[in-house]
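**Q** the sequence and its predicted three-dimensional model are supplied below.
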Amino acid sequence: MEYKFKSLALAAALALSGVAMAGPVKSAGGKTAVLPVTAQAVLYSQLANDAANAITSQDFESTFDAYDNRAADDFSVPAGQKWKVSEVFAPGAYFNGTGPLVSANVTFYKDKGGKPGKVVADFPLVPVTNDASGSITVTLPTAVTLKEGTYWVSVQGQMDFFVGGQWGWEINTAPTGYNAMWQNPGGGFGTGCDKYSDMNTCLGQAAGDMMFELRGKAKAVTQ
């Protein structure tokens with residue numbers, strides 16, 4: 001199994017600061033997402049076809065603001081339904097450290113031409129529960145009500161590099177809907193993806209999407 005992190009530039013910066021850094025990390029051995037027991041109903045699940053790979057989606061400490069980055073993926077609420085999303089599960093992995101991740105930033109967007117558009121709801125620094133390998137469950141402070149349509153969700157780990165290392169969001173091998181998006185507004189990784197762009201192109205990945213699950217309640221609505 002391999003966990004990828006586009007960190008050549010970050011590795012160079014850390015080397016100059018005297019911190020040992022191995023650069024892109026390869027981790028031997030298998031890892032499967034262990035789903036925690038939850039009383040929440042599953043509204044949407046994209047956990048199949050694990051690529052055994054994770055990409056960075058993290059807010060670092062101010063020293064490394066240029067490397068802050070995040071991924072997002074789309075999902076659709078079916079016609080005739082209204083969802084109240086109260087929990088997000090994101091399989092993940094730690095590298096260049098062992099975590100643990102304490103909080104995450106979760107944002108929901110409307111779709112705009114196949115990319116994240118207007119923000120529907122934004123939850124910064126939400127406490128998370130996680131397993132030893134980095135898969136996290138985020139219970140939202142308030143449920144997000146979503147009507148029929150296409151939306152995007154972004155899960156961004158919030159962790160200082162010098163404290164816990166790096167967190168990556170696992171990807172799969174079978175894109176559903178639009179390709180996952182990724183951005184690095186500060187340009188620290190030199191990808192040119194300062195705004196949301198195709199994750200596979202930005203990071204040189206084979207075709208894939210993010211792995212995640214949305215939980216909460218669904219209600220039938222009259223059309």
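**A** Cool, the structure landed. Numbers count the residues shown, from 1 in each chain.
**Q** let me see the contact set for residue 78.
**A** residue 148 (Cβ atoms under 8 Å, 6 or more residues apart in numbering). For every residue, glycine as well, the C-beta is placed using N, CA and C.
**Q** at 6 Å what do you get?
**A** Applying Cβ atoms under 6 Å, 6 or more residues apart in numbering, one finds that residue 78 lies in contact with no residue.
**Q** how much space between it and residue 66?
**A** 40 Å (Cβ to Cβ, to the nearest Å).
**Q** kindly report the same for residue 193.
**A** Separation of residue 193 from residue 66 (Cβ to Cβ) stands at 13 Å.
**Q** mind listing what's buried in stretch 97-116?
**A** 97, 99-109, 111, 115-116 (16 or more other Cβ atoms under 10 Å).
**Q** can I assume residue 218 sits in a helix?
**A** No: according to DSSP: H, G, I helix; E, B strand; the rest coil, residue 218 belongs to no helix; its state is strand.
**Q** please name the bridge partners of the closest residue in space to residue 90 that isn't next to it in sequence.
**A** Nearest residue to residue 90, sequence neighbours excluded (Cβ to Cβ, 6 or more residues apart in numbering): residue 155, at 4.5 Å. Partner residues in beta bridges with residue 155, using DSSP bridges, are residue 106.
**Q** A strand includes residue 125, no?
**A** Yes: judged by three-state DSSP, residue 125 forms part of a strand.
**Q** does it touch residue 103 like I think?
**A** Yes: between residue 125 and residue 103 there is a contact under Cβ atoms under 6 Å: 4.6 Å.
**Q** so what sits against both of those two?
**A** By the contact definition Cβ under 6 Å, 6+ apart, residue 125 and residue 103 are jointly contacted by residue 158.
**Q** strands of this structure, residue ranges please.
**A** Applying DSSP state E to the chain gives strands spanning 41-46, 50-56, 58-59, 70-77, 81-90, 92-95, 103-111, 116-130, 136-146, 149-158, 166-172, 181-183, 197-198, 212-220.
**Q** in a markdown table: those strands, plus distance to residue 189 and mean pLDDT.
**A** Below are these laid out as a markdown table (distance: least, Cβ to Cβ, whole Å; pLDDT from 0 to 100):
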| stretch | distance to residue 189 | mean pLDDT |
| --- | --- | --- |
| strand 41-46 | 25 | 95 |
| strand 50-56 | 8 | 90 |
| strand 58-59 | 12 | 94 |
| strand 70-77 | 12 | 97 |
| strand 81-90 | 21 | 97 |
| strand 92-95 | 15 | 89 |
| strand 103-111 | 18 | 98 |
| strand 116-130 | 19 | 97 |
| strand 136-146 | 22 | 97 |
| strand 149-158 | 15 | 97 |
| strand 166-172 | 12 | 92 |
| strand 181-183 | 10 | 95 |
| strand 197-198 | 12 | 96 |
| strand 212-220 | 22 | 96 |
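**Q** single out the most deeply packed of the ones you listed.
**A** Highest mean neighbour count of the strands of the chain: strand 166-172, a mean of 27 (counted as mean count of other Cβ atoms under 10 Å).
**Q** report all helices and strands that that strand contacts.
**A** strand 50-56, strand 92-95 (3 or more Cβ pairs under 6 Å, 6 or more residues apart in numbering; DSSP states H and E).
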